[in-house]
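Asks: Model the following, please.
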Amino acid sequence: MGCTSSSSVQPQNQTVFKSDCKWVYRIPALLYEKESETFFAFAEERRTPDDSSTKHLVMNTGKLKKDSMTIEWSGLKVVEEANHGCYRPMNPCPVYEKTSKTLFLFFIRVKCTVSERWQIHWGCNKARLCYITTNDGGQSWSAITDLTAELKEIQSWATFAVGPGHGLQTDDGRLIVPMYAYASSGSSYCLCCYRRSKVTPHALSLYREASGEKWKLGKMLENETLECVMAEFFDDAEKSNIYCNARSKGGYRVEALDKNVGADFITLPPAEKLVETGGGCQGSVVSFPAQSDESQADDDLSKKPNKWLLFTHPSEQLKRTDLGVYLNKLPSDPNSWSKRWIINPGPSAYSDLAYIGDGWFVCLMECGEEEITERIAYKIFSYNEVKQGIEE
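Replies: You can find the predicted model right below:
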């Protein structure tokens, strides 16, 4: 990519979506398409900070200015195609299919102003699993494809959501969309069908084979887990592994690995390295090639398989503040996570990472001076800065 040396550039923190008295922007999702060198940023546009007030999904596309290491954004655009009747679109989750050059934007549509809490309480699902596609960089989108009826498992869920944050395409071409669902496991009243069931959340994946057209659901994680993020990395034997990092209701994140390309995760032993915040918060993860210790990234690294992981999440347990970056050079070992490097001191919540090559990353994050709902901003930083930050 030929980016500027990190020694001459300070990390940027610039606004992409700014809340005001009319709209509140939350739930960032970021995708970097390498061939066109285009950033796709998505978010929810809400009337208030409350989840049930979401009205639209919005997007912004950007190009990297390499001389200043900033992104020039085209401007906010409402994704009108995601709206349909008395349903609100939520949880943007983009994933790019390289062969057909198709960008999928997954999301859920929820009936009117029905809250997730109401669905969980009554065990009555009012969410639908949908996506739209574009082949021209988001200038136009397809009609909505609704997968809800095709996936029988959804019928037994109280509610569910995709992402939020980016999905991934594996090295062999499989598309994977992270998600979680409140599945029946006991007893509580169901308003819809007069049955009794207890629902608990579990992370899982939605996936499609490289040569297939049908979408399938993977097995749920055994542990109680919510919003999750996934990345593909290759071990020392050059075998593909799918890593899952999930929000929990405990004090630490839940981590899992799958050697079946995202269909059957096994929870890793708890290492208590990655803290969970309060009642939980979404985080983000990306994989990238192992870096050299030289001041400049080796151009040949771009041709090597992804070996390492980078994770972002609020780093305090009591509240959503101080967005931290964590590095893991041995992803199969949860004890190998580094100390935190704080890239956004102060109010910080949901985030999404993109690796753009040559040891450079972009993080899209919720942040503000007083509240996390003030804006969604981005920061560009390098591996060298991560290395220095975690060693301080």
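Asks: Who does the helix or strand containing Asn241 pair with, and is each partner parallel or antiparallel?
Replies: Asn241 belongs to strand 240-246 when elements are defined using DSSP states H and E. Strand 240-246 sits in its sheet next to strand 228-234 (antiparallel), strand 254-258 (antiparallel), going by DSSP bridges.
Asks: Please identify the most buried of these.
Replies: A comparison of those by mean neighbour count, using mean count of other Cβ atoms under 10 Å, puts strand 228-234 on top with a mean of 25. Using the backbone N, CA and C atoms, a C-beta is placed for each residue, glycine as well.
Asks: need the strands paired with strand 240-246 in CSV with distance to Arg88 and mean pLDDT, can you?
Replies: What follows is the strands paired with strand 240-246, written out as CSV (distance: least, Cβ to Cβ, whole Å; pLDDT from 0 to 100):
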stretch, distance to Arg88, mean pLDDT
strand 228-234, 22, 97
strand 254-258, 28, 96
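Asks: tell me the contacts of the closest residue to Gly173 other than its chain neighbours?
Replies: If the residues on either side of it in the chain are set aside, Gly173 comes closest to Ala210, at 2.7 Å by Cβ to Cβ, 6 or more residues apart in numbering. Going by Cβ atoms under 8 Å, 6 or more residues apart in numbering, Ala210 touches Thr99, Asp172, Gly173, Arg174, Leu175.
Asks: Could you grab the helix/strand/coil label for the second one?
Replies: Going by DSSP: H, G, I helix; E, B strand; the rest coil, the secondary structure assigned to Asp172 is coil.
Asks: contacting residues around it?
Replies: For Asp172, the contacting residues are Ala210, Ser240, Val261, by Cβ under 8 Å, 6+ apart.
Asks: Would you mind measuring from the spatially most central residue of the chain to Leu30?
Replies: Centroid check for the chain by Cα atoms, centre = their mean gives Gly165 as the closest residue, at 2.2 Å. Gly165 sits 8 Å away from Leu30, taking Cβ to Cβ, to the nearest Å as the criterion.
Asks: which neighbours do those two share?
Replies: Asp352.
Asks: Most neighbours out of the contacts of Ala210, which is it?
Replies: Among the contacts of Ala210, the one with the most neighbours (other Cβ atoms under 10 Å) is Leu175, at 23 neighbours.
Asks: check contacts around the nearest residue to Arg26 once chain neighbours are set aside.
Replies: With Cβ to Cβ, 6+ apart as the criterion, Arg26 has its nearest non-adjacent residue at 5.3 Å, and that residue is Glu44. Contact analysis of Glu44 by Cβ under 8 Å, 6+ apart lists Tyr25, Arg26, Ile27, Thr54, His56, Leu57, Val58, Pro89, Met90, Asn91, Pro92.
Asks: Can you verify my assumption that the fourth one contacts Tyr87?
Replies: No - in this structure, Thr54 sits apart from Tyr87 without contact. The criterion is Cβ atoms under 8 Å, and the distance is 10.2 Å.
Asks: For stretch 140-160, give the mean pLDDT please.
Replies: Average pLDDT, stretch 140-160: 95.
Asks: Walk me through which strands the strand or helix carrying Phe160 pairs with, and which way each runs.
Replies: Secondary structure from DSSP H and E places Phe160 in strand 157-162. As defined by DSSP bridges, the strand partners of strand 157-162 come to strand 175-184 (antiparallel).
Asks: immediately after the partner strand, which helix or strand?
Replies: Next element after strand 175-184 (DSSP H and E): strand 199-208.
Asks: And that following strand, how far out from the chain middle?
Replies: Distance of strand 199-208 from the chain centroid (Cα atoms, centre = their mean, to the nearest Å) equals 14 Å.
Asks: That one - contacts with which helices or strands?
Replies: Counting contacts by 3 or more Cβ pairs under 8 Å, 6 or more residues apart in numbering; DSSP states H and E, strand 199-208 packs against strand 157-162, strand 175-184, strand 216-217, strand 240-246.
Asks: how about a cut-off of 6 Å?
Replies: Packing contacts for strand 199-208, counted by 3 or more Cβ pairs under 6 Å, 6 or more residues apart in numbering; DSSP states H and E, involve strand 175-184.
Asks: As PDB, could you dump the C-alpha coordinates of the strand it packs on?
Replies: The C-alpha trace of strand 175-184 is given here as PDB (Å, rounded to 0.1, in the frame of the first residue of the first chain):
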ATOM      1  CA  LEU A 175     -18.900 -16.100   3.800                       C
ATOM      2  CA  ILE A 176     -19.500 -15.900   7.600                       C
ATOM      3  CA  VAL A 177     -21.800 -13.500   9.400                       C
ATOM      4  CA  PRO A 178     -21.500 -13.400  13.200                       C
ATOM      5  CA  MET A 179     -24.800 -13.400  15.100                       C
ATOM      6  CA  TYR A 180     -26.500 -14.300  18.400                       C
ATOM      7  CA  ALA A 181     -29.900 -15.600  19.300                       C
ATOM      8  CA  TYR A 182     -32.000 -16.000  22.400                       C
ATOM      9  CA  ALA A 183     -32.800 -19.700  22.300                       C
ATOM     10  CA  SER A 184     -35.400 -21.700  24.300                       C
END
